[in-house]
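> I need the structure of the sequence given here:
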Amino acid sequence: MQKRRLSTVRLERYETWLRTEEKSKATIDKYLRDVGFFRKFVGEDSVTKEKVLGYKQYLMEQHYAPSSINSMLSAVNSFLAHEGWIDCEVKTLRIQRQVYSPESKELSKEDYIKLVQTARKKGNQRMELLLQTVCCTGIRISELQYITVEAVKTGGATVSCKGKSRKIFLVTDLRARLMEYVSKRGLESGPIFVTNRGNPMDRTNIWREMKQLCNEAGVNTEKVTPHNLRHLFARTFYEEDRDIAKLADILGHSSINTTRIYIITTEREHQKCMENLQLMV
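Numbers count the residues shown, from 1 in each chain. Below is the predicted model:
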């Protein structure tokens with residue numbers, strides 16, 4: 001029987017397949033990174049069900065969060081399915097759905113305001129407006145490229161992601177501020193948020209600048225990720241509208257179950273709700 005080895009050729013073939021499936025760049029990068037991590041674990045050994053189970057156990061022993069383990073195993077299972085090695089696939093961990101999120105992990109509205117104000121004080125208008133654009137629209141960082149000069153002029157952007165298209169509206173104040181920025185920078189067309197070389201800003205650029213703001217703003221760095229801005233939008237929208245189906249459409253989610261993850265309350269809010277029940281007699 002031919003040995004099943006994780007060769008470079010197989011990984012390149014898998015990457016090509018992910019692209020033909022029109023996966024986003026962020027998804028492709030993550031899957032390849034996770035499969036590459038599995039490759040290091042396997043080494044020159046043949047891929048077997050026992051080896052994959054051993055990898056699953058290794059991740060647990062390394063104290064990865066259950067959600068991270070499942071994400072990494074999903075990537076490996078995807079690769080195995082692509083290669084036709086379905087007999088090697090393993091089950092993900094069963095996780096009870098959380099009813100609240102740790103306070104230390106969620107970006108609050110107060111934290112967000114501090115970041116924006118700090119960027120403003122530093123004269124970093126690009127980051128000041130970028131933070132507000134993501135938080136006011138709920139777009140993914142990978143979708144920021146669709147916020148163009150043309151989109152600002154018309155008041156909305158058409159975003160294409162994961163084989164779906166949706167309309168993103170820009171609120172009046174945000175649109176006005178972006179128009180001022182476009183005029184100041186002399187931008188005539190294309191993406192608004194670009195590097196000094198004119199390339200669209202990516203997750204790495206944005207995260208680095210956000211982290212630099214944290215110390216001056218007095219915000220815990222664990223709370224500050226580009227994706228947490230999207231979570232803040234989701235929670236704020238749901239508090240106002242209470243329509244989870246509409247929110248799912250705005251965020252571009254295929255499943256409401258995904259949207260539910262975005263709107264879980266913090267520990268403090270959960271405790272306040274429990275206290276308000278007043279069931280002690």
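> I'd like to know how many residues surround the nearest residue to residue 237 once chain neighbours are set aside.
Among residues not flanking residue 237 along the chain, residue 247 sits closest, at 5.6 Å (Cβ to Cβ, 6 or more residues apart in numbering). C-betas here are computed from N, CA, C, even on glycine. By other Cβ atoms under 10 Å, 22 other residues sit near residue 247.
> Can you tell me the element residue 247 falls in?
Remark: residue 247 resides in helix 244-251, with elements defined by DSSP states H and E.
> Report the central residue of the chain.
Most central in the chain under Cα atoms, centre = their mean is residue 227, positioned 4.3 Å from the mean C-alpha point.
> Could you find the closest non-adjacent residue to that residue?
Spatial nearest neighbour of residue 227, excluding adjacent residues (Cβ to Cβ, 6+ apart): residue 141 at 7.2 Å.
> Give the buried residues for stretch 61-73.
The neighbour-count check on stretch 61-73 (16 or more other Cβ atoms under 10 Å) flags 69-70, 72-73 as buried.
> In those residues, find the pair that's most separated.
Greatest spacing in the buried residues of stretch 61-73, by Cβ to Cβ: 70 and 72 (7.4 Å).
> Just the helices from the stretch 1-150 of the chain, written as ranges.
Listed in chain order, the helices of the stretch 1-150 of the chain (DSSP state H, counting those that start in this stretch) span 8-20, 25-42, 49-61, 66-83, 109-121, 125-137, 149-154.
> looking at those helices, which is buried most?
Mean neighbour count (mean count of other Cβ atoms under 10 Å) peaks for helix 125-137 among the helices of the stretch 1-150 of the chain, with a mean of 22.
> What is that one packed up against?
helix 109-121, helix 172-185, helix 203-217, helix 226-241 (3 or more Cβ pairs under 8 Å, 6 or more residues apart in numbering; DSSP states H and E).
> As JSON lines, those helices with mean pLDDT and distance to residue 26 would be great.
Output for the helices and strands packed on helix 125-137, formatted as JSON lines (pLDDT from 0 to 100; distance: least, Cβ to Cβ, whole Å):
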{"stretch": "helix 109-121", "mean pLDDT": "94", "distance to residue 26": "22"}
{"stretch": "helix 172-185", "mean pLDDT": "94", "distance to residue 26": "24"}
{"stretch": "helix 203-217", "mean pLDDT": "87", "distance to residue 26": "7"}
{"stretch": "helix 226-241", "mean pLDDT": "88", "distance to residue 26": "10"}
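> Compare those helices and give me the one nearest residue 256.
Using Cβ to Cβ, these put helix 226-241 closest to residue 256, at 11.7 Å.
> helices and strands around the closest one, which ones?
Partner elements for helix 226-241 (3+ Cβ pairs under 8 Å, 6+ apart): helix 109-121, helix 125-137, helix 203-217, helix 244-251, helix 256-262.
> Now do the buried residues in that helix.
Neighbour-count burial for helix 226-241 [16+ other Cβ under 10 Å]: 226, 228-238.
> got the angle between that helix and helix 203-217?
70 degrees (axes from the mean of the first three to the mean of the last three Cα atoms, to 10 degrees).
> circling back to that earlier point, looking at the helices and strands packed on helix 226-241, spot the one closest to residue 166.
Comparing the helices and strands packed on helix 226-241 against residue 166 with Cβ to Cβ, the closest turns out to be helix 244-251 (6.9 Å).
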